[in-house]
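[1] Could you look at this predicted model? Sequence included:
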Amino acid sequence: MSMEQQNLDRYRMGIAPYKKWLLLGITALVGLIAGASASGQWRTWLMWVNGVSFGQKDPQFKLDVAFYAFDLPWYRFLLGFGFAAVIISVIAAALTHYLYGGLRVTSRAPVPRPRPPVTSRCSSVSSSPSRRSPTGSTGTDWR
């Protein structure tokens with residue numbers, strides 16, 4: 001067992017009795033931060049909920065101008081909020097997998113080499129004759 005793995009095992013053993021409370025605390029902290037960031041968008045939400053049509057179309061996209069005044073700001077907020085949530089979730093999942101041994105960081109990774117069955121399978125595929133469709137096309141026509 002490597003020194004890094006021993007340190008991670010020691011960390012896991014030390015945090016095990018407090019895991020439930022730590023999880024609740026982190027969840028509450030993330031919820032408070034998310035709520036604080038979303039609370040600044042109350043005007044945008046009210047405009048989206050109470051928006052009415054202007055009766056004038058945008059000449060380029062043929063949408064009512066009210067879309068740009070009421071809907072688009074709300075959709076942009078939702079997209080940004082969702083993107084931030086996904087990024088934070090990926091980072092949290094990677095950290096959790098690292099701490100519990102699912103991911104290992106090595107200083108010198110070996111060069112992956114294919115096993116002999118994979119090598120023979122790839123060479124037989126690359127040397128096979130090209131397949132043609134019933135119309136005679138090889139699939140490389142880009143017309």
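    In hand now; what should we look at?
[2] Tell me the buried residues in the longest helix seen in the chain?
    For the chain, the helix that runs over the most residues, judged by DSSP state H, is helix 72-99. Neighbour counts over helix 72-99 (16 or more other Cβ atoms under 10 Å) mark 73, 74, 77 as buried. Quick note: C-beta positions are derived from backbone N, CA and C, even for glycine.
[3] in this protein, which residue is closest to the centre?
    residue 86 (5.0 Å; Cα atoms, centre = their mean).
[4] Could you list every helix and strand in contact with the longest helix of the chain?
    Counting contacts by 3 or more Cβ pairs under 8 Å, 6 or more residues apart in numbering; DSSP states H and E, helix 72-99 packs against helix 3-15, helix 19-39, helix 42-50.
[5] same thing but at 6 Å, please
    Helix 72-99 sits against helix 42-50, with contacts defined as 3 or more Cβ pairs under 6 Å, 6 or more residues apart in numbering; DSSP states H and E.
[6] got the CA coordinates for the helix it packs on in PDB?
    Extracted in PDB, the C-alpha atoms of helix 42-50 (Å, rounded to 0.1, in the frame of the first residue of the first chain):
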ATOM      1  CA  TRP A  42     -36.300  38.000  -7.700                       C
ATOM      2  CA  ARG A  43     -37.000  40.900 -10.100                       C
ATOM      3  CA  THR A  44     -36.100  38.700 -13.000                       C
ATOM      4  CA  TRP A  45     -38.500  36.000 -11.800                       C
ATOM      5  CA  LEU A  46     -41.300  38.500 -11.300                       C
ATOM      6  CA  MET A  47     -40.800  39.900 -14.800                       C
ATOM      7  CA  TRP A  48     -40.900  36.400 -16.200                       C
ATOM      8  CA  VAL A  49     -44.000  35.400 -14.300                       C
ATOM      9  CA  ASN A  50     -45.900  38.700 -15.100                       C
END
